[in-house]
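[1] can you look at this prediction? I've put the sequence above it.
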Amino acid sequence: MATPIIKINQLSKVYRVYNTPGDRLKETLSITKKKFSSDFHALNNISLVINKGETVGIIGRNGSGKSTLLKILAQVSTPTTGSVHIQGSVSAILELGAGFNQEYSGLENIYLNGTIQGKNKEQMNKKLNDILAFADIGDFINQPVKTYSSGMFARLAFAVAINVEPDILIVDEALAVGDMKFQAKCFRKFEEMKTKGTTILFVGHDVSSIRKFCDKAMWLHQGKLVAFGDTLGVTAEYMEFMNSEESEQPDIKALDEEGLSDVEPAEMFSEIKIDAINRWGSHKNSIKSVALINEKGRSTTVFQHGETVRIILKFTLPENIDLLHFSAAISIKNTMGLDLIVFTTHDEKNTIFESTSNEIELTFEFVNYLTEGDYILVAALENRKGIQPEYYDFIEGVAYFKSIATKQLFGVVHTPYRILLNKEVNLTSGK
Ligand SMILES: Nc1ncnc2c1ncn2[C@@H]1O[C@H](COP(=O)(O)OP(=O)(O)OP(=O)(O)O)[C@@H](O)[C@H]1O
């Protein structure tokens, strides 16, 4: 059974913002209590529950409120309204250098931080070797921390934070400054702590690390909670938002019982963009629009591996053409321009065009077996009479999409398959 360890209820953090430093003074001195400031909501009515042992990745653009939330959870900042209930000890790595005395040596700071975490000298003595081994900063440990690089700071802060064995570990930006090797070491440690039941919250700067390590993801935008729940779903929505040109405002809906927001499709059909890589043909502009729809019926540009994809193509039948050999086609290319998959009405011996009106809407439905990556959609109206198609309208880059997967898949496509053991091998040793 899930045990709540962090309960956040209608949490808001409001900063008073002044245009000039003088305004602050004017407001303080005003007899009529005139306001010279405006309120800025860094966090706006956030409610959620994090269970014991969960690993939660926090995503959002710069300034979306991630650090503000973590500061409140680490109790170095207070809510303006709402409440936070935490059942357990918290160890946090917030801004680099926070909680460190610049004049003290690294070693002295280890003990200082231990005291802040409620550990006495004896307890810290026992952990010292592990801390020094993890930080791996050699003789610098005896130097004042003001001489440290940001990477060294991160190593020491992380080494202390994980070795005081907190119930909840909060990591803001420390991971972003470390090198690849250090990050890998930290994530290995995360796994170890996770196995022991530690609850971990970290700001993720790349979605793939969140997918790899987190059970849940939290997406903040302009201080509001856009989505909280299953990592894959939330990060997919976030990537889609970040990749979309019209991404000024995500759909912020009330969260359902599972904590996932129900984002409706904004506009199903996108007009053909002028920034298509290429467009040519004898009847250019016959293709009117395209929509990419996922299994839930939502318009999207991110598909999961194994999900059913529907691509809806709207076009006007070109005039005075050879209808018998007319074909509508889509293809999917990788970013190097190689055709990976091609679907055409001609190859399906489809004669639907003989009796239809001039305005046509076709759906191409298939299962996405593409491995993780970026893909280009091509749409074409063509004459297939000769060996080579002749194009009425050909658009390379009619849309762009991503394929994502829950596990690492190799190759370009990963189709369902079976492995059969034809001859049983006896692996036990004989007498
Ligand atoms: N003391 C403060 N006074 C006024 N505004 C503040 C203060 N601290 C933070 N803010 C504002 O609150 C908003 C949220 O800031 P926060 O640092 O939480 O964002 P973030 O998501 O962590 O951003 P980043 O990814 O850049 O670290 C920002 O617009 C920031 O300018």
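    Thanks, I have it.

[2] following element in sequence after the worst-scoring helix or strand of the chain on mean pLDDT, please.
    Least confident helix or strand of the chain, by mean pLDDT, DSSP states H and E, is strand 270-271 with a mean of 58. If you walk from strand 270-271 toward the C-terminus, the next helix or strand you reach (DSSP states H and E) is strand 278-280.

[3] what parts of the chain come near the ligand?
    15, 17, 40, 42, 60, 62, 63, 64, 65, 66, 67, 68 (Cβ under 6 Å from any ligand atom). In short, each C-beta sits where N, CA and C put it, glycine included.

[4] 5 Å instead?
    Counting by Cβ under 5 Å from any ligand atom, the chain comes close to the ligand at 15, 42, 62, 63, 64, 65, 66, 67, 68.

[5] buried subset of these, written for ChimeraX?
    Applying 16 or more other Cβ atoms under 10 Å to these, the buried members can be selected in ChimeraX as follows:
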select :42,64,65,66,67,68
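
[6] list the contacts for residue 358?
    Residues in contact with residue 358 (Cβ atoms under 8 Å, 6 or more residues apart in numbering) are 316, 317.

[7] and it, how far is that from residue 394?
    19 Å (Cβ to Cβ, to the nearest Å).

[8] for residue 138, same thing?
    Taken as Cβ to Cβ, the span from residue 138 to residue 394 is 61 Å.

[9] those two: who's more crowded?
    residue 394 (22 against 10; other Cβ atoms under 10 Å).

[10] got phi/psi on the nearest residue to that one once chain neighbours are set aside?
    Distances taken as Cβ to Cβ, 6 or more residues apart in numbering place residue 380 nearest to residue 394, at 4.5 Å, with adjacent residues excluded. Here is the backbone geometry of residue 380 (degrees, to the nearest 10): phi -150, psi 150.

[11] what about the strands in the stretch 101-250 of the chain?
    For the stretch 101-250 of the chain, strands defined by DSSP state E, counting those that start in this stretch occupy the ranges 168-171, 199-203, 216-221, 224-230.

[12] pLDDT weak spots in the stretch 151-300 of the chain?
    By pLDDT under 70, the weakly predicted segments of the stretch 151-300 of the chain are 174-181, 243-275.

[13] show me the contacts for the nearest residue to residue 141 once chain neighbours are set aside.
    Once flanking residues are discounted, residue 141 sits nearest to residue 106: 4.2 Å by Cβ to Cβ, 6+ apart. By Cβ under 8 Å, 6+ apart, residue 106 lies in contact with 135, 137, 140, 141, 142, 143, 145, 148, 156.

[14] who wins for neighbours among the residues you listed?
    residue 156 (29 neighbours).

[15] any idea how far the closest residue to it other than its chain neighbours is from residue 141?
    Leaving aside its chain neighbours, residue 156 sits nearest to residue 135 (4.7 Å; criterion: Cβ to Cβ, 6+ apart). According to Cβ to Cβ, residue 135 stands 7 Å off from residue 141.

[16] which residues are in contact with both of those two?
    Common contacts of residue 135 and residue 141 (Cβ under 8 Å, 6+ apart): 106, 156.

[17] that older thread, hey, what's the residue nearest to residue 394 bridged with?
    With DSSP bridges as the criterion, residue 380 is bridged to residue 329, residue 394.

[18] what residues are up against it?
    Counting by Cβ under 8 Å, 6+ apart, residue 380 has contacts 281, 328, 329, 330, 331, 389, 391, 393, 394, 395.
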